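Student: Pasted the sequence and its predicted model underneath.
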Amino acid sequence: MCAHVVVAEDDEKQAELVRRYLEREGHRVVVVHDGRAALEAVRGVTPDLLVLDVMMPRTDGLDVCRILRAEPEFAALPVLMLTARSTEDDLLLGLDLGADDYMSKPFSPRELMARIRSLLRRGGHGQRAAADPVMTVGALTVDPGRHEVWAHGRRIDCTPGEFRLLEVLASRPGQVFTRAQILDHLHGFDRYITSRTVDVHIMNLRRKIERDPRRADCLVTVYGVGYKLADSGPRAPQESPEPQKPQEPQKPQEPQEPHRAR
């Protein structure tokens, strides 16, 4: 599985380490050391994956992610963030901006490569099984072969993480998945990811697929348990029958005079 990867890391030794591990697995690698160079590299080579450090000169990684996600051609580019920040708020901010995975420094290069392989598979890089079915749940369609999502007749741009989440839920419409089950499908167990990660993905997806994100009828919360895809669309409101007009009271007939014989 050879991919084209951009590594944006201002620490040259760290960047060189990541480059060597990627090239050892057969990937083509472009290394840059600041945010503006990262934007130029991504726009120039259209990579399969971006490994993005958060704290970089000129433009930081969060702004790079925000800018790329606003450009349609990079809305689904897999992004793995690297950072010395490890608080939950930093993690959620990165995911909210569209990152697909997040690793805190120092990290294991072997774990990094495992994460990269997983993201490339989820992003549709390489061969997908020809038998992957198109899944339609209410107004939502998930096509694993084409890596496309459609909702209410329009195509939706999803990050690889968002796509994988929908793919899992759509595989069993109506079934409730706990946050732990969803996390297991997304990343497997790791100490940097919390159940709130799922909530961030759900919030972002609702903005994209729901007619009204505040009143979700497709991606539904089952309070105290988890999330599911509703296996039927919202019911159309039934028209109430028109009220019948009250009948006007009939006027009493005037008594007729008896017929007199002449």
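Tutor: Okay, I see it. This is a predicted model, so every value here is computed, not measured.
Student: Tell me the spacing between the residue nearest the centre of the chain and residue 218.
Tutor: Geometric centre of the chain, nearest residue: residue 162, 2.4 Å, by CA atoms, centre = their mean. Distance, residue 162 to residue 218, by CB to CB, to the nearest Å: 14 Å. All C-beta spots, glycine's among them, are computed from the backbone N, C-alpha and C.
Student: For the one helix or strand residue 208 maps to, what does the pLDDT average out to?
Tutor: Per DSSP states H and E, residue 208 falls inside helix 195-209. If you average the pLDDT over helix 195-209, you get 85.
Student: how about the helices in the stretch 51-200 of the chain?
Tutor: Taking DSSP state H, counting those that start in this stretch as the test, the helices found in the stretch 51-200 of the chain are 61-69, 88-96, 109-122, 160-170, 179-186, 195-209.
Student: and residue 21, which of those is closest to it?
Tutor: Closest of these to residue 21 is helix 109-122, at 5.0 Å (criterion: CB to CB).
Student: what distance separates that closest one from the centre of its chain?
Tutor: Centre-to-centre, helix 109-122 and its host chain are 19 Å apart (CA atoms, centre = their mean, to the nearest Å).
Student: That one relative to helix 160-170, how many degrees between them?
Tutor: Interaxial angle of helix 109-122 relative to helix 160-170 (axes from the mean of the first three to the mean of the last three CA atoms, to 10 degrees): 60 degrees.
Student: Packing partners of helix 109-122?
Tutor: helix 12-24, strand 49-53, strand 79-83, strand 101-104, helix 160-170 (3 or more CB pairs under 8 Å, 6 or more residues apart in numbering; DSSP states H and E).
Student: Can you add distance to residue 181 and give the ones you listed back as JSON lines?
Tutor: Formatted as JSON lines, the helices and strands packed on helix 109-122 follow (distance: least, CB to CB, whole Å):
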{"stretch": "helix 12-24", "distance to residue 181": "31"}
{"stretch": "strand 49-53", "distance to residue 181": "26"}
{"stretch": "strand 79-83", "distance to residue 181": "23"}
{"stretch": "strand 101-104", "distance to residue 181": "18"}
{"stretch": "helix 160-170", "distance to residue 181": "8"}
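Student: Please work out which of the ones you listed is packed deepest.
Tutor: Most buried of these, by mean neighbour count (mean count of other CB atoms under 10 Å): strand 49-53, with a mean of 26.
Student: Show me what that strand pairs with in its sheet, parallel or antiparallel.
Tutor: strand 4-8 (parallel), strand 79-83 (parallel) (DSSP bridges).
Student: low-confidence ranges in the stretch 1-150 of the chain?
Tutor: Scanning the stretch 1-150 of the chain with the threshold set as pLDDT under 70 gives 1, 85-91, 123-132.
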